[in-house]
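**Q** Build the 3D model from these lines:
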Amino acid sequence: MALNGTIVCIVKLTTDFAAILCCVLRWYILRKQTRQTLGSRLSHALFALSIVFEIAATIQSSTVLLDGDAYIKKHGLEAGQLYLLNEHVLKVTFFAHLMYYLAECVLKAAYLAFYADLYSRIQTKRRIAIWIATFIWATSYLAALLLIFTYCLPFEQNWRPDGKNPHCPVLFNVPAFFVLAGANILSDIAILVVPLLIIGAMRLGRNEKNALILVFSIGMMSIAASVIRAGVVGHRFVTANHTWDTVWVWMLWSHAEMFFGVIAFTLPSFRYILLRGMNKMQTTTQKLGYGSKVSTNRSGRNQSQKLPDESIDMDTTTTTSLKGHAEREGVLVQTTVTLKEESRAYQLASESQTNLTAVEDARQRAVPYEWRIDSERQQ
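**A** Below you'll find the model as predicted:
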């Protein structure tokens, strides 16, 4: 199927809907967390704002893409290419790309706020990396926005080019395009380096490391989409290929970069959903009778122990001895549990100490007991 504006619109609207679901899910998870910091709330607010900018860019660009498809269908491809230089099309396209750059800028600010919150829990000199990444992010996007608003003057020539100013429109200018793409890729790399330094200062298990590798892989896909967009679209601009096909490819890869960034930002929050699902499965299994609960102390804490289906015959020998008050007041109970040969695949080995309560006189004074179970397999 050949690429056209309608297909690009469908992809953009579908992924934007998925981004909204990710934002709502992350907000739900934050509400369930007992510890909410200012950094976590700020990062999520910036994350939600970036999606708002992206939706605004999608709505504006979709109107242009659908109008372009309708015009090409009615008047032909050659006349449709001339329609791309229409004042209305250029103006809407300009502000759609401006919304896209703002969405990328705010999304990376959400990453930085999230990393700053993580670094606040770690006492390490590597914290300076967050300040370096923030400086690179700020200078990159400040330069990009200044270029967008000042490279083509007067500003209206971005959608009303007279053909005399080679800088206008700025969106189709080759030097401006590569400067904007380079600043975007540089900030992506700077933000990707920060969590790598965090991992070096934290003790993580294998599951946590695998999860972070997955997140970084998706983050690398966002950078790869930015590089592909710069190479493919930049080559078409160099060859003066200012056609609808170039616009379609440009918008598709720009949106892919944003979408991968959203997914990478949301994935760490899925850990809460995963753990909650595993706990529910474990609870359901216990209710169905596949496990038993054994009380270990007076505080009410339980241990779950899976028992074999076959019966276990036990011979029990109990020895009781009293200690004098000079040494320790209480009763030592030793019980030896011997398992029959039929249950040779299972060995019930446990050793615990439990304080029990006994009634000695009218004052009902608590007498401490020691309980020890020594288990061994019958030879």
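
**Q** Just the pLDDT for the residue nearest to Arg229 when sequence neighbours are not counted.
**A** Distance criterion Cβ to Cβ, 6 or more residues apart in numbering; nearest residue to Arg229, sequence neighbours excluded, is Trp253 at 3.6 Å. In short, each C-beta sits where N, CA and C put it, glycine included. The score at Trp253 is 91. That number is its pLDDT.

**Q** where exactly do the helices run in the stretch 1-150 of the chain?
**A** For the stretch 1-150 of the chain, the helices defined by DSSP state H, counting those that start in this stretch cover 5-32, 38-75, 77-83, 87-119, 128-150.

**Q** Looking at stretch 171-184 now, give me its mean pLDDT.
**A** Mean predicted confidence for stretch 171-184 is 91.

**Q** ugh, typo on my part, it should be stretch 226-238
**A** On average, stretch 226-238 scores 90.

**Q** Export it to PDB, keeping only CA atoms.
**A** The C-alpha coordinates for stretch 226-238 follow below in PDB (Å, rounded to 0.1, in the frame of the first residue of the first chain):
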ATOM      1  CA  SER A 226      15.200  11.000  14.800                       C
ATOM      2  CA  VAL A 227      18.300  10.000  12.900                       C
ATOM      3  CA  ILE A 228      16.300   8.300  10.100                       C
ATOM      4  CA  ARG A 229      14.100  11.300   9.700                       C
ATOM      5  CA  ALA A 230      17.200  13.600   9.500                       C
ATOM      6  CA  GLY A 231      18.800  11.400   6.800                       C
ATOM      7  CA  VAL A 232      15.700  10.700   4.700                       C
ATOM      8  CA  VAL A 233      14.000  14.100   4.800                       C
ATOM      9  CA  GLY A 234      17.300  15.900   4.700                       C
ATOM     10  CA  HIS A 235      18.300  14.200   1.500                       C
ATOM     11  CA  ARG A 236      15.000  15.100  -0.100                       C
ATOM     12  CA  PHE A 237      15.500  18.700   0.900                       C
ATOM     13  CA  VAL A 238      19.000  18.800  -0.500                       C
END
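
**Q** Pipe the helices of the stretch 1-150 of the chain into TSV and attach distance to Gly231 and mean neighbour count per row.
**A** Below are the helices of the stretch 1-150 of the chain laid out as TSV (distance: least, Cβ to Cβ, whole Å; neighbours: other Cβ atoms under 10 Å):
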stretch	distance to Gly231	mean neighbour count
helix 5-32	19	16
helix 38-75	21	19
helix 77-83	23	13
helix 87-119	18	20
helix 128-150	19	16
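
**Q** Check these for me: which has the lowest mean pLDDT.
**A** Mean pLDDT is lowest for helix 77-83 among the helices of the stretch 1-150 of the chain, at a mean of 87.

**Q** now for the helices of the stretch 1-150 of the chain, which one comes closest to Ser226?
**A** The closest of the helices of the stretch 1-150 of the chain to Ser226 is helix 87-119. By Cβ to Cβ, the value is 9.0 Å.

**Q** Surely Val227 touches Leu186?
**A** No: counting by Cβ atoms under 8 Å, Val227 stays clear of Leu186, with 11.6 Å between them.

**Q** Okay, now the unreliable bits of the stretch 151-300 of the chain?
**A** Residue ranges of the stretch 151-300 of the chain with pLDDT under 70: 198-212, 271-300.

**Q** now the strands: where do they sit in it?
**A** 292-295 (DSSP state E, counting those that start in this stretch).

**Q** where along it do the helices fall?
**A** Counting by DSSP H, counting those that start in this stretch, the helices of the stretch 151-300 of the chain are 174-200, 206-238, 244-266, 270-287.

**Q** any chance of these in JSON lines, plus distance to Ala109 and mean neighbour count?
**A** Formatted as JSON lines, these follow (distance: least, Cβ to Cβ, whole Å; neighbours: other Cβ under 10 Å):
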{"stretch": "helix 174-200", "distance to Ala109": "10", "mean neighbour count": "18"}
{"stretch": "helix 206-238", "distance to Ala109": "15", "mean neighbour count": "16"}
{"stretch": "helix 244-266", "distance to Ala109": "11", "mean neighbour count": "22"}
{"stretch": "helix 270-287", "distance to Ala109": "22", "mean neighbour count": "12"}
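
**Q** Tell me which residues touch Phe47, please.
**A** 23, 26, 107, 110, 262, 265 (Cβ atoms under 8 Å, 6 or more residues apart in numbering).

**Q** ok, now how distant is it from Pro195?
**A** 16 Å (Cβ to Cβ, to the nearest Å).

**Q** try Thr246
**A** 35 Å.

**Q** from what I can see the residue nearest to Arg229 touches Ala225, true?
**A** Yes: contact status for Trp253 versus Ala225: in contact at 5.5 Å, counting by Cβ under 8 Å.

**Q** Isn't Ile228 up against Trp253?
**A** Yes: contact status for Ile228 versus Trp253: in contact at 5.7 Å, counting by Cβ under 8 Å.

**Q** what's in contact with stretch 50-68?
**A** Here stretch 50-68 has contacts from 5-6, 8-9, 12-13, 16, 19-20, 23, 80, 83-84, 89, 92-93, 95-97, 99-100, 102-104, 106-107, 110, 244, 247-248, 251, 255, 258, 262, using Cβ under 8 Å, 6+ apart.

**Q** Kindly format the C-alpha coordinates of it as CSV.
**A** These are the backbone C-alpha positions of stretch 50-68, laid out as CSV (Å, rounded to 0.1, in the frame of the first residue of the first chain):
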residue,chain,number,x,y,z
SER,A,50,3.8,17.1,26.1
ILE,A,51,0.9,14.8,25.0
VAL,A,52,-1.4,17.9,24.8
PHE,A,53,1.1,19.6,22.5
GLU,A,54,1.4,16.4,20.4
ILE,A,55,-2.4,16.1,20.1
ALA,A,56,-2.5,19.8,19.0
ALA,A,57,0.2,19.0,16.4
THR,A,58,-1.7,15.9,15.2
ILE,A,59,-5.0,17.8,14.8
GLN,A,60,-3.4,20.6,12.8
SER,A,61,-1.3,18.3,10.6
SER,A,62,-4.3,15.9,10.0
THR,A,63,-6.3,18.7,8.5
VAL,A,64,-3.5,19.5,6.1
LEU,A,65,-2.9,15.9,5.1
LEU,A,66,-6.6,15.1,4.5
ASP,A,67,-7.1,18.3,2.5
GLY,A,68,-4.0,17.4,0.4
